[in-house]
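> Give me a 3D structure for the following:
(chains A and B)
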Amino acid sequence: MVPSTPSRSRRRLRSQRSRRPSRALSPRRRLITVWVILIASMLGLSAKLAHLQLVRGSTLKSLANAQQEIHAVPRAARRPVIDRRGNVLAVDRVVYTIYAHPALFNQPSKAVADALSPLLEHPANDLVQRFTAQETGIKLAADVPEELAERIRRLRLDGLELIAGQQRFYPQQALMSQILGYINVDGEAQAGLEYSLQQQLLYSEADSSSLSPLLQNAAAKDSLSLQLTLDSRLQRIAQRALEATVLEHGAKRGTLIVMDARDGAILSMAVSPAYDPNRYYEANVEQFKNWAISDLYEPGSTFKPINVAIALEEDTFGPNDYVYDEGQLKYGEWTIQNADYSSVGGRGSISVTDVLRHSSNVGMVHIMETLNRQRYFEWLQTLGLGRLTGIELPAESPGQLKEQGQFVNSEVEAATTAFGQGFSLTPIQLTQLHAALANGGQLVTPHVVRGLVNPDGELQWQPQRTAPKTLFSPETTRRVVDMMEAVVESGSGEPAQVAGYRIAGKTGTAQKANEWGEYGSERITSFVGIVPAEAPRYVVLAVIDEPYGEDAYGSTVAAPLVKTVIESLVVLQAVAPPGSESGSN
Amino acid sequence: MALAFNIETDDRAKSQRTSTLKTSVASVAQLPQVPPAQRVAAAPTAVTELPKKPKLSAGLKLLVGLQQGSTVLTGGLVAGALLVYSWTVYVDKMVGRTYQSLETLRTEAQQMTAANEMLKHSLVEQAATALQFQVPQPNRAIFLSPEPNRPASDDLSPEPNPAASAQAEMPHPLGY
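Residues are numbered from 1 along each chain as shown, chains lettered A, B, ... in the order given. A predicted model of the protein is given here:
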């Protein structure tokens, strides 16, 4: 029972001694080993980090960016264009191009063709044949609108690819084509405002800020639209009336411009022939230019009021003075005579008002003879003949005026200029000059663009325009407008009378020069009207080129057209007839 | 250190065990070999204390404090970094989703505008040709000029005069 403690304790001591760790595995050693391992791994990680950041940093960043970018469907490249009242004239829309990859079809080609045939309006056999031509990349249809693309997508056919693209859509079709222009298949603007105002219509490139690509894309598309001064309703009426007139008289072409004389804003510019910009490829190339801006013509008698204004302003002739109208004049080999000389002969002593009323060429020659020819030439240059008017539409032609030496030295040049021939200008420039008569003597800049507006209609940007230049004094223009009113009341402009309104106007029938430089039998007829005569606001010019028939004059062709348009103009613009209690606003 | 007792089933040992409560940490081998009767728990001769925490110098204390503080800080930063990262991922996702819905709305607005305008145009064209729509003419129009703004009137709804209303009463009931 006595425990043998000593032996046990000895054994215990020995075992304790044997359990003491060897030098290699002492705690201190183990600690150091662990520490070394940790430090080494930390250093390794830092080295790897440095390598990734410094050496491969840029590549990795670009990879990440490529991964993070979302290639959104390009929704719109250009701002919409709206008219005076907010009707949309041009807007971008998404269209799809459909490609077929027969290699990826999971149904037989016949089934796919049958499913697609009614939607694409192609016979099914045709489609099956096209599927056999290639394995991938068969273009089935282009410019497919979104609704149709949605229906095709809902078929859930494999092997069809719909690629989105942009297309400019013109809901008003041919109505505004000469002003807006069109966008060709490559997305480039051709003709019209689309071309000349590209800077304002294209959405600006997103500037590289700190925003993510998504937000940049979203921010770049603001909600501004380009507002024009044109009125769709008046344009529609004018276009229909113009086309009816051109058809009725078998004319080559025609134009009708309605301008607000106070600031030069154009309410309507109807040009015939017109084209549908949605299908521009079906039109003649000549139709793409707006001939009211780019083609020159000799104005003829419609320029006479302006000449009278020059003479009155220069004070070489008084409004109550009389001239002697012989009916025919001879300048060397040139003969100048009145249009009705063969029937009426000379009229004798007539007033200036009668000169305009009967559109006497000889009377005008005598009036302008009182002017120094050098001074007359300077006046023509002041009017802006031979220079551009400054309208925003592209391809405007400056008028043509004879050389100063030729004009000043030759009697007959000043004489022909007196009745509106021997020089040329565009219809828009003639409208601008008559607006100077209407608004009290200011030469305003004709324009079709009001500016960029936000959805509330507030103007955010306006195009730069030169300030109006004073040409005549208000008294002079008042007298000339009164004379023009007599033309409509009892002269050649009688067909343009509108019941209840006082209209001032002037007819014009000019001979056109043929290819040999002589005056041929073709005419260009025009009528310019100013309404209302007591407080002028609008100028309406109609020019009909080459109407058919011996009795085709400005009074028979162009004046009735202007009457129709003025009737609608006064209602649409709320010009009350004079003498009514409400008055005009 | 384990206790080493000589466990005996004698009654003597039992009584000893119950009577002694003081334990001795000293190894049994160090106890002198005395007969069991005298093997009583004596007063502990040597009291060994529990190992205390070693006293550190100030520098070491500072280092240890730093180490603990930086551990906490690192833990917090790591948590913060994870939080910020997940938040950026969430924000990106939300931005992407919102952008998609914005684009969808834009497309729909565009489509509606285009369809609306097309409808308007075709309606007008149809009316003009088929129905012989008449253009506006001044002899069929009424011209009104807007009234100038009137100042707010006080007697728009006058107080009903009781006497007058009594007189104005209908003498007989209305038929309907």
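> just for the chain, where's the confidence low?
Picked chain A for this. A:1-23, A:68-76, A:205-221, A:580-585 (pLDDT under 70).
> Please refer instead to chain B.
For chain B, counting by pLDDT under 70, the residues that fall below are B:1-44, B:131-133, B:153-171, B:173-176.
> any chance you could map the strands in the stretch 351-500 of chain A?
Assigned strands in the stretch 351-500 of chain A, in chain order: A:442-443, A:449-453, A:459-461, A:469-470 (criterion: DSSP state E, counting those that start in this stretch).
> if I look at the nearest residue to A:W334 once chain neighbours are set aside, how far off is A:Y331?
Taking Cβ to Cβ, 6 or more residues apart in numbering or on different chains, and ignoring the residues beside it in sequence, A:W334 has A:V412 as its nearest neighbour in space, at 5.0 Å. To be clear about C-beta, it is placed using only N, CA and C from the backbone, and glycine gets the same treatment. Distance, A:V412 to A:Y331, using Cβ to Cβ, to the nearest Å: 4 Å.
> how about the residue nearest to A:N106 when sequence neighbours are not counted, what does it touch?
Excluding the flanking residues, the one nearest A:N106 by Cβ to Cβ, 6+ apart is A:D158, at 4.6 Å. Counting by Cβ atoms under 8 Å, 6 or more residues apart in numbering or on different chains, A:D158 makes contact with A:104-107.
> Adding distance to A:Q497, neighbour count and secondary structure, write these out as TSV.
Listed next are those as TSV, based on distance: Cβ to Cβ, whole Å; neighbours: other Cβ atoms under 10 Å in any protein chain shown; DSSP: H, G, I helix; E, B strand; the rest coil:
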residue	distance to A:Q497	neighbour count	secondary structure
A:L104	73	13	helix
A:F105	72	16	coil
A:N106	75	9	coil
A:Q107	72	13	coil
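> Report the separation between the residue nearest to A:Q198 when sequence neighbours are not counted and chain B.
Nearest non-adjacent residue to A:Q198, counting by Cβ to Cβ, 6+ apart: A:A189, 5.5 Å away. Distance, A:A189 to chain B, by Cβ to the nearest Cβ, to the nearest Å: 19 Å.
> quick one, phi/psi of A:A189?
For A:A189, the backbone dihedrals (degrees, to the nearest 10) come out as phi -80, psi 140.
> Tell me how many other residues surround it.
21 (other Cβ atoms under 10 Å in any protein chain shown).
> Kindly report the same for A:S360.
Count around A:S360 with other Cβ under 10 Å applied: 29.
> do you know how far it is from A:Y170?
Distance from A:S360 to A:Y170, by Cβ to Cβ: 47 Å.
> contacts for stretch A:455-473?
Contacts for stretch A:455-473 (Cβ under 8 Å, 6+ apart): A:86, A:197, A:200, A:223-224, A:227, A:264, A:309, A:313, A:382-383, A:390, A:392, A:436-437, A:440-445, A:447, A:449-454.
> swap that for stretch A:415-425, please
So stretch A:415-425 is contacted by A:296-304, A:307, A:329, A:331, A:336, A:361, A:364-365, A:367-369, A:376, A:380, A:385, A:399-402, A:407, A:413, A:508, A:510-511 (Cβ under 8 Å, 6+ apart).
> Can you say which of these are buried?
A:296-304, A:307, A:329, A:336, A:361, A:364-365, A:367-369, A:376, A:380, A:385, A:399, A:401-402, A:407, A:413, A:508, A:510-511 (16 or more other Cβ atoms under 10 Å in any protein chain shown).
> In helices, which of the residues you listed appear?
Taking DSSP state H as the definition of helices, the buried ones among the contacts of stretch A:415-425 contribute A:304, A:307, A:361, A:364-365, A:367-369, A:376, A:380, A:407, A:413.
> just so I have it, where are all the strands in the stretch 51-200 of chain A?
Using DSSP E, counting those that start in this stretch, the strands found in the stretch 51-200 of chain A span residues A:81-82, A:88-100, A:138-145, A:160-169, A:182-183, A:189-190.
> ok, which residues in chain B are in contact with chain A?
B:6, B:8, B:27-29, B:92, B:95-96, B:99, B:102-103, B:106-107, B:110-111, B:113-114, B:116-118, B:120-121, B:124, B:128, B:135-139, B:141, B:143-146 (Cβ under 8 Å from any Cβ of the partner chain).
> Pull out the buried members of those residues.
By 16+ other Cβ under 10 Å, those give B:95, B:99, B:102-103, B:106-107, B:110-111, B:113-114, B:117-118, B:121, B:124, B:135, B:138, B:141, B:143 as buried.
> and those residues, which of them are in helices?
Per DSSP H, the subset of those in helices is B:95, B:99, B:102-103, B:106-107, B:110-111, B:113-114, B:117-118, B:121, B:124.
> Of those, which is the nearest to A:G137?
Taking Cβ to Cβ as the measure, B:T107 is the one of these closest to A:G137, at 26.5 Å.
> Compute the number of surrounding residues for A:E121.
9.
> Repeat that for the one 4 residues further on.
A:N125 is surrounded by 11 other residues when neighbours are defined as other Cβ under 10 Å.
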